[in-house]
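1. Build me a model from this:
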Amino acid sequence: MYVLPSLFTVGTLICGYYAILSTLQGSQLMAAGAAGVLASAAFDNAAKAIGWAIVFDGLDGRIARLTNSTSNFGREFDSLADVITFGLAPGVLAYAWGVRPAIDASQIPLTHHLRAVGWMIGFAYLICGAARLARFNIESAKPGVDRRYFVGLPIPAAAGVIAAVVHCEKDPLTYWPFAVVSLLAVLGLAFLMVSRVRYYTFKSVDLRRRRPYVTIIFIGLIFLAILFYSEPVLLVLALAYALSGLLHEIPGRQRPGPSVPEEVKAQ
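-> Now for the predicted structure:
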């Protein structure tokens, strides 16, 4: 086991654990009739923790490659951490933030069916994410794989969409039609994870190569935009990546090319 990249994986796991605890806290505050601001803050903290976990998850694999410390243990450890942080935590958050408050607020008897439907769709999201990771681990070990693309939406990106929506809106959904829309969105993310839709990996981007100076200006502006307007900027970035694979599937937009021989980590 190499300690340095595994420490970042532990960071991912801690964020997932914290996200689950914050979600439970927000749900308890809603059930106790506490001020909505406190519950919204708890759900927002859970979304932020998932966001930080995406950062840690992106760093552990890259650091492992830069330090030549990739290992089978690290790959499996990362996958297990991903199931909890990007599968279980966002699934629980999506239900507690987007479904349960709507059920409690609604006076329509049929809306109580949302509870069972919400449980099923949340579980579908979790099991599709786990299946996506298992498929990735198998296919990435095959020779000749085009490592420029993921097959299926990576589970951190799917979790990022859920976290970005909660972070942008903050207040739990109490109107049942919105709860239905949120469930359909979670179901769509689950489908994209196990689909054959290809997503760019960014693994072929070599940060050590010389780039035009405007590149660093552009990156700096993005960081500033996230710092001051994190809600809309992160939402746009998350949705743009989730939809990019579908746009790539439009006939005439596919650009096949040679594969890049590079180690990739579980996503």
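
2. Just give me the residue right at the centre of this structure.
-> Geometric centre of the chain, nearest residue: residue 159, 2.2 Å, by C-alpha atoms, centre = their mean.

3. Name the SS class of that residue, please.
-> helix (DSSP: H, G, I helix; E, B strand; the rest coil).

4. for it, what are its contacts?
-> For residue 159, the contact set (C-beta atoms under 8 Å, 6 or more residues apart in numbering) comprises 50, 53-54, 85-87, 89-90. The C-beta positions use only the backbone N, C-alpha and C, and glycine is treated the same way.

5. Equivalent analysis for residue 163, please.
-> Contacts of residue 163 (C-beta under 8 Å, 6+ apart): 46-48, 50-51, 54, 90, 93, 238.

6. Just the buried positions in the longest helix along the chain, please.
-> With secondary structure taken from DSSP state H, the chain has its longest helix at helix 36-66. For helix 36-66, a neighbour-count test (16 or more other C-beta atoms under 10 Å) marks 39-54, 56-61, 63-65 as buried.

7. before we move on, the earlier item: could the contacts of residue 159 go into JSON lines alongside pLDDT?
-> Supplementary listing: the contacts of residue 159 in JSON lines, determined by pLDDT from 0 to 100:
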{"residue": "50", "pLDDT": "97"}
{"residue": "53", "pLDDT": "96"}
{"residue": "54", "pLDDT": "95"}
{"residue": "85", "pLDDT": "96"}
{"residue": "86", "pLDDT": "96"}
{"residue": "87", "pLDDT": "96"}
{"residue": "89", "pLDDT": "96"}
{"residue": "90", "pLDDT": "96"}
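
8. What about residue 237, how many residues nearby?
-> Neighbour count of residue 237, defined by other C-beta atoms under 10 Å: 17.

9. So which elements touch the helix or strand it falls within?
-> Element membership for residue 237 (DSSP states H and E) is helix 230-248. Judged by 3 or more C-beta pairs under 8 Å, 6 or more residues apart in numbering; DSSP states H and E, helix 230-248 is in contact with helix 155-169, helix 176-194, strand 198-200, helix 214-228.

10. Using PDB, list the CA coordinates for the second one.
-> Yep, that's helix 176-194 we're talking about. This file holds the C-alpha atoms of helix 176-194, laid out as PDB (Å, rounded to 0.1, in the frame of the first residue of the first chain):
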ATOM      1  CA  TRP A 176     -44.600  17.100  -4.800                       C
ATOM      2  CA  PRO A 177     -44.300  17.700  -8.600                       C
ATOM      3  CA  PHE A 178     -40.800  19.000  -8.000                       C
ATOM      4  CA  ALA A 179     -40.100  15.800  -6.000                       C
ATOM      5  CA  VAL A 180     -41.300  13.700  -9.000                       C
ATOM      6  CA  VAL A 181     -38.900  15.700 -11.300                       C
ATOM      7  CA  SER A 182     -36.000  15.100  -8.900                       C
ATOM      8  CA  LEU A 183     -36.700  11.400  -8.900                       C
ATOM      9  CA  LEU A 184     -36.700  11.200 -12.700                       C
ATOM     10  CA  ALA A 185     -33.400  13.100 -12.700                       C
ATOM     11  CA  VAL A 186     -31.800  10.600 -10.300                       C
ATOM     12  CA  LEU A 187     -33.200   7.800 -12.400                       C
ATOM     13  CA  GLY A 188     -31.700   9.400 -15.500                       C
ATOM     14  CA  LEU A 189     -28.300   9.600 -13.800                       C
ATOM     15  CA  ALA A 190     -28.500   6.000 -12.800                       C
ATOM     16  CA  PHE A 191     -29.200   5.000 -16.400                       C
ATOM     17  CA  LEU A 192     -26.300   7.100 -17.700                       C
ATOM     18  CA  MET A 193     -23.900   5.400 -15.300                       C
ATOM     19  CA  VAL A 194     -24.600   2.000 -16.800                       C
END
